[in-house]
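Student: sequence and computational prediction follow.
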Amino acid sequence: MNSRLILRWLVLWVGVGAAMRAFFLSQYPADPALIGGTAFFAGALNDVLAFLLALGLAALCNLVHPRLARPGFVLALAVAWLVCVAEIFFWLEFEGRLDRLVFHYLAYPKEVLVFLEDQFYLSLFAVPFIVLVWLTYRGLGHPDRDSPRSRAAALVLAAVGVLLWGSPWQPAALADSRVALAFVNNGYLSVLEDARYPVDDIVWLQQQTTSATAAPLVPPGPLRQQLARKRHVVLIIQESFAGPVWREAELRQRYLPNFVALEKRSLSFTNLYATGSRTTRGMEAILNGFPPLPGISTTERAQYERLPALPRVLQQAGFRTAFLYGGWPDFSNFSNYWRAAGFQQIWSREDFNEDFETSWGVSDQALFTRLLAEMSALTHQHDRVFLSTLTVSHHRPYEFPPGVVAWPADARESAYAMAYADQSLGDFMRQASEQDWYNDTIFIVVADHGPYPRGDAIIPLDSFRIPLLIYGNGISPRVFAAPGSSISLPLTVLQMLDLPKTESFSGASLLCDCATPVPVEYGYHLGLLEDNQLQVLDRHGGWRQWQYTPESGALLPLSAQTGVSEQQQRLLAMFAPAYQWYYSKRPD
């Protein structure tokens, strides 16, 4: 390619990057740290680094054979515009750049294409996209087939350098702002940074630490006696059933009347936090009681079979264990993981025959109807049953069967989908109360995670806050307001059922109504909430801390401490032993 073509392409590239950042500002509340020229300048420099990657792809094609110069240029333009479109969708959905989810989605192409078509009408963009690539090609001009091979080789080497070592420039003034760092970054560099992150060789998680201090167990009493008399457990994991609609009293009354009614009759945990922002993280906490290591959930890593598992412990205690899911069985390694965790029976969307389905699976009504039938069959065949389920109606595209709630089913609004999920839950509880197994059953309702994190801290903690209800006929209702984590659910269930801890679950029983460990992970950063202070070990090994106000969800940055504080030691004591156990004890 000649110098003029490269220059024209670079100007277009940087201009598009600046336009995207201006668009992102329009979608996010104005922040002085983002508006300043420093952020745009840093973003332009990062875009130049990314430009070398696209330029290197085109140069590589020219280097292989001169006849591939023009097709290679078209390919590079197509990739560039594809990433641009993907970044816009990603920002609107997640308030961030492309990240490690790219690798996750590439592992499940069939399901992801169905999701994208159903949620974003992907096919409608095909023709405009092709036209855009063609117009760009015509506007920039054709690359020369007889360009010097030395120039092409130099461009390829520059691209390889960025691929192996290139990192985004992140001004120190923006270090505490999650959104600002995403603003100056771009999808190319953020994905490369995640790809190079050494999840199985993190130095600061390999140091020796003292053991984490567990909260006291709850001594026998009226509540423990009421719980221990139950023979069955139904665990309902509600997809992203949290956020403003759940937290704000007016919205909760409007959209979640059944949840509110059930809450008044339950053990209600009002200050509980998920460990991450995805369903796999929710599973890892709720079923495995395992701390969230940096990166993807351990349920998707090699050796997931070795995780401690609540269903396995319950199976050994005489429970029949089963999982009912209305979505894709193989997405996110679900079916393999559930079998390894000790579920003896698994049903998925392939076992349903429903007229109404979204790309994520069957409706909550269909799921709960099947749950009633399977629970009745299992309790007739087995003395003790542990039946878990995962809903999908409150997930994009937020569609549900019409005529169930007062809000339009095709509006694709999160609040309306939550109202439908609430109605389905209420109908299930009313129908369950008519079953002969009802009085012998503990019902646990918990969200896997909240809506995707919003907020400017590198771990926006308030977005991780979720509800937990434990209900059983004859169990005295009570509100538990102490901070806790879904990671503590396995130990809580074992104590409710008066069963011994036979596997190495983390956390502590939530029934103590005292402060229990609250670990979180987001973007390879690790956090621990204690005494309304969020201690964070960032992905580069640096320490940060915030003052947290649960009532408002506000996070106020605190000045960095010198040395390692007691709180930081406790954070390491939560994560480092789990990390060392997971990566040092290899199976024979």
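Tutor: Structure received.
Student: okay, CA-based contacts and neighbour counts for the rest of this
Tutor: Will do.
Student: how much space separates the nearest residue to residue 230 once chain neighbours are set aside from residue 72?
Tutor: Excluding the flanking residues, the one nearest residue 230 by Cα to Cα, 6 or more residues apart in numbering is residue 440, at 4.6 Å. Residue 440 is 67 Å from residue 72, where distance means Cα to Cα, to the nearest Å.
Student: same drill for those two, tell me which one is more crowded.
Tutor: residue 72 (21 against 18; other Cα atoms under 10 Å).
Student: extract the C-alpha set from stretch 140-150 and format it as PDB.
Tutor: Below are the C-alpha coordinates for stretch 140-150, written out as PDB (Å, rounded to 0.1, in the frame of the first residue of the first chain):
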ATOM      1  CA  LEU A 140      -9.900   5.300   0.100                       C
ATOM      2  CA  GLY A 141      -8.600   3.900  -3.200                       C
ATOM      3  CA  HIS A 142      -7.000   0.700  -4.300                       C
ATOM      4  CA  PRO A 143      -3.800  -0.600  -2.800                       C
ATOM      5  CA  ASP A 144      -0.900  -1.000  -5.300                       C
ATOM      6  CA  ARG A 145      -0.100  -4.500  -6.100                       C
ATOM      7  CA  ASP A 146       3.600  -3.600  -6.800                       C
ATOM      8  CA  SER A 147       4.200  -2.000  -3.400                       C
ATOM      9  CA  PRO A 148       7.700  -2.600  -2.000                       C
ATOM     10  CA  ARG A 149       7.800  -5.900  -0.100                       C
ATOM     11  CA  SER A 150      10.100  -4.400   2.500                       C
END
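Student: can you give me phi and psi for residue 477?
Tutor: When quoted as degrees, to the nearest 10, the phi and psi of residue 477 stand at phi -70, psi 150.
Student: pLDDT value on the residue located most distally from the centre of the chain, please?
Tutor: Distance from the centre of the chain peaks at residue 146, with 48.8 Å (Cα atoms, centre = their mean). At residue 146, the pLDDT value in this model is 70.
Student: check which helix or strand covers residue 375.
Tutor: Element membership for residue 375 (DSSP states H and E) is helix 364-381.
Student: so where is the stretch 101-250 of the chain shaky, pLDDT-wise?
Tutor: 145, 211-217, 219 (pLDDT under 70).
Student: that one: helices as residue ranges?
Tutor: Under the criterion DSSP state H, counting those that start in this stretch, helices of the stretch 101-250 of the chain are mapped to 101-106, 109-120, 126-140, 149-165, 178-184, 187-195, 222-228, 244-247, 249-255.
Student: beyond the lowest-mean-pLDDT helix or strand in the chain, next helix or strand please.
Tutor: Least confident element among the helices and strands of the chain, by mean pLDDT, DSSP states H and E: helix 32-35 (a mean of 62). Using DSSP H and E, the helix or strand that follows helix 32-35 in sequence is helix 37-64.
Student: what helices or strands is that following helix leaning on?
Tutor: Other elements packing on helix 37-64 under the criterion 3 or more Cα pairs under 8 Å, 6 or more residues apart in numbering; DSSP states H and E are helix 3-27, helix 69-94, helix 149-165, helix 178-184, helix 187-195.
Student: chain center to that helix: distance?
Tutor: Here the centre of helix 37-64 is set off from its chain's centre by 30 Å, with Cα atoms, centre = their mean, to the nearest Å.
Student: so for it, mean pLDDT?
Tutor: Per-residue pLDDT values across helix 37-64 average out to 92.
Student: ok, stretch 511-520 next?
Tutor: 91.
Student: just to revisit the earlier point, closest to residue 461 out of the helices and strands packed on helix 37-64?
Tutor: When the helices and strands packed on helix 37-64 are compared by Cα to Cα, helix 178-184 sits nearest residue 461, at 12.0 Å.
Student: can I get that closest one in CSV? Just the C-alpha atoms.
Tutor: Listed next in CSV are the C-alpha coordinates belonging to helix 178-184 (Å, rounded to 0.1, in the frame of the first residue of the first chain):
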residue,chain,number,x,y,z
ARG,A,178,-13.9,2.1,35.0
VAL,A,179,-15.8,3.9,32.3
ALA,A,180,-13.0,6.4,31.7
LEU,A,181,-10.5,3.6,31.2
ALA,A,182,-12.9,1.9,28.8
PHE,A,183,-13.5,5.2,27.0
VAL,A,184,-9.8,5.7,26.1
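Student: what does it contact?
Tutor: The contact list for helix 178-184, computed with Cα atoms under 8 Å, 6 or more residues apart in numbering, reads 21, 24, 33-34, 39-40, 42-44, 46, 95-97, 169-170, 174-175, 455-459.
Student: and the closest residue to residue 75 other than its chain neighbours, how many neighbours does it have?
Tutor: In this structure, residue 75 finds its nearest non-sequential neighbour in residue 58, 7.4 Å apart by Cα to Cα, 6+ apart. Residue 58 is flanked by 26 other residues according to other Cα under 10 Å.
Student: also residue 559?
Tutor: Neighbours of residue 559 (other Cα under 10 Å): 9.
Student: one more: residue 64?
Tutor: Neighbours of residue 64 (other Cα under 10 Å): 12.
Student: that one and residue 162: what is the separation?
Tutor: 20 Å.
Student: same question, residue 390
Tutor: 42 Å.
Student: okay, the two: which has more neighbours?
Tutor: A count of neighbours by other Cα under 10 Å puts residue 390 above the other of residue 390 and residue 162, at 22 against 19.
Student: for that one, what are phi and psi?
Tutor: Dihedral angles (degrees, to the nearest 10) for residue 390: phi -130, psi 120.
Student: and for residue 548?
Tutor: phi -110, psi 130.
Student: hang on, isn't it packed against residue 534?
Tutor: Yes - assessed by Cα atoms under 8 Å, residue 548 is found in contact with residue 534 at 6.6 Å.
Student: neighbours around residue 95, how many?
Tutor: 23.
Student: picking up where we left off before, local confidence estimate at the residue nearest to residue 230?
Tutor: So, for residue 440, pLDDT stands at 97.
Student: and it, what does it touch?
Tutor: Residue 440 touches 229-232, 472, counting by Cα under 8 Å, 6+ apart.
Student: can you say which of those are buried?
Tutor: In terms of neighbour count (16 or more other Cα atoms under 10 Å), the buried residues within the contacts of residue 440 are 230-232, 472.
Student: any idea of the angle the strand or helix carrying residue 430 forms with helix 364-381?
Tutor: Using DSSP H and E, residue 430 maps to helix 414-432. Angle of helix 414-432 versus helix 364-381, following axes from the mean of the first three to the mean of the last three Cα atoms, to 10 degrees, is 30 degrees.
Student: centre of the chain versus helix 414-432, how much separation?
Tutor: That offset, for helix 414-432, works out to 23 Å (Cα atoms, centre = their mean).
Student: lovely, talk soon.
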